[in-house]
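quick one, structure for this:
(one chain, ligands or ions: 1)
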Amino acid sequence: MTTATHGKHGDFAIEAKGLVKRFKTGRTHIEVLKGVDFDARHGDLTMVMGPSGSGKSTLIAALSGLLKPDAGRVDALDVDNLWKLSSGRIDKFRLDHCGFIFQGFNLFPALSALQQVTTVLKYQGLSGDNARRQATAALEEVGLGPRLHQRPSALSGGEKQRVAIARALAKNPQILFADEPTSALDGENGQVVIRLLRRAATEHGAAVICVTHDPRLEAWADRVIHIEDGRILDDQRRTPEANPMLASAH
Ligand SMILES: Nc1ncnc2c1ncn2[C@@H]1O[C@H](COP(=O)(O)OP(=O)(O)OP(=O)(O)O)[C@@H](O)[C@H]1O
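Residues are numbered from 1 along each chain as shown. Now for the predicted structure:
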């Protein structure tokens, strides 16, 4: 199951130029993004690292159509200047093309693992049977075949995060945004999540953009971007280790 590279921006799934975002706190404005240029390619696992408060989550929100920047533009897939679209069309773009994974899992307490995933697919227009089939396949891919009918309260943190990943991947998104996806997980579950993100890039061809403090992710990344105080300080392309499990054990 590979997403063909497409979109008029070629290899780039997303390109942003000159992003500025300010927040008002009392009478003062703080500038959280100070003219950030950013891009991410299909098939790459791009890591965004930086200290707390450096603007990582704000960047993800501006790139994904969740938070309007004060200046700058975002071109994504076939869309020129995402922020010029109506809010309804931005929502549709996100629903059709983007997956999200957050540290808090964001699962509905009353729904089983299978229902968490089918709900999103039905919202996208799939019929009940197709949604169930696709959701089951996505949950099996993350190793949750035997836990399809459990609710979040009966799942471990690692399993909940895998449900969230299955939900994000089930629609085969071209862009996958992950914000601190391993921070609530122990080492072993963190590794499972990292491997799934790697696979989303390599096997599904998604542009995976992952904000993290977790240095274990670095071995799996194609690119590591460091952001500090609203500016990109460093942008390194690297070759992921053949066996990052072993690499990270040293
Ligand atoms: N809605 C808001 N109103 C005011 N200030 C905000 C708002 N959202 C974020 N900020 C501020 O912007 C700065 C950057 O926040 P952001 O969440 O992007 O940082 P981050 O790098 O993701 O941090 P962390 O690693 O702690 O999650 C912080 O100082 C934060 O307090």
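
use CA for all of it now, contacts and neighbours both
OK.

return the residues of the chain in contact with the ligand.
Within the chain, the positions adjacent to the ligand are 23-25, 32, 51-58 by C-alpha under 6 Å from any ligand atom.

just those residues: which are in helices?
Among those, DSSP state H puts 56-58 in helices.

most neighbours among these, which one is it?
For those, the largest number of neighbours (other C-alpha atoms under 10 Å) sits with Lys56, at 27 neighbours.

on that earlier part again, JSON lines please, covering the ones in helices among the residues of the chain next to the ligand and showing pLDDT.
Listed next are these as JSON lines, based on pLDDT from 0 to 100:
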{"residue": "Lys56", "pLDDT": "95"}
{"residue": "Ser57", "pLDDT": "93"}
{"residue": "Thr58", "pLDDT": "96"}
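
buried among the residues of the chain next to the ligand? Make that a ChimeraX selection.
In ChimeraX, this line selects whichever of the residues of the chain next to the ligand come out buried by 16 or more other C-alpha atoms under 10 Å:
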select :32,54,55,56,57,58
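
minimum pLDDT in the residues of the chain next to the ligand, which residue is that?
Least confident by pLDDT among the residues of the chain next to the ligand: that is Thr25, with 86.

so which strand or helix has His29?
strand 28-41 (DSSP states H and E).

neighbouring strands of whichever helix or strand comes after that strand in the sheet, and parallel or not?
Under the assignment DSSP H and E, the closest C-terminal helix or strand after strand 28-41 is strand 45-49. Sheet pairing of strand 45-49 (DSSP bridges) gives strand 207-211 (parallel), strand 223-228 (parallel).
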